[in-house]
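# fold the following, please.
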Amino acid sequence: MTVQQLRENITEALAQFYPAIPVYVEGDKPQSAYFRPGLISATYDRQREGRYMAVYRFGIRYEQGGLLDAESMADGLCEALAARESGNSSFRVIRQSWEAGAEGHGPLFTVDYMLYLQKQPEGEAELMGHFTEGARLK
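Model prediction:
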């Protein structure tokens, strides 16, 4: 699963559980309350035997909405993302948090996704050779 697929998963969960609130990605910002998802950070950790783990932290801002709406929405976002996770075994939600908004910014809901990156099977990796006068040496 790629970062783009995780973003699409979040967008689909928001559209499914909050159909009246638009999701802003680019272009003209909505005039009413909206969600703005974005990748905050990515961490890669090498595990044993060439296996890698990735942790992607996404943030979902709730802009131009009421503070009380945002507070009640925090639990709903947890449920929405958990419902999307239950049908998908390629990633796992490991942490969710909610932070009150700062001056000029709406509240921020963060979610950390963990997934294992597949290593390339041995023998299938293309080995790089040296090039001398257009001929490849093995």
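# hey, where'd the strands end up in the protein?
Assigned by DSSP state E, the strands in the chain fall at 34-46, 52-63, 92-99, 108-117, 130-132, 135-137.
# the second one pairs with which strands, and in what direction?
This points to strand 52-63. With DSSP bridges as the test, strand 52-63 is paired with strand 34-46 (antiparallel), strand 108-117 (antiparallel).
# for these, give me JSON lines that also has mean pLDDT and distance to Phe91.
To be clear about C-beta, it is placed using only N, CA and C from the backbone, and glycine gets the same treatment. What follows is those, written out as JSON lines (pLDDT from 0 to 100; distance: least, C-beta to C-beta, whole Å):
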{"stretch": "strand 34-46", "mean pLDDT": "90", "distance to Phe91": "13"}
{"stretch": "strand 108-117", "mean pLDDT": "88", "distance to Phe91": "4"}
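# which stretches of the chain have low pLDDT?
1, 87-89, 118-138 (pLDDT under 70).
# Ala15 against Val25, yeah?
No - Ala15 is not in contact with Val25 according to C-beta atoms under 8 Å; the separation is 11.9 Å.
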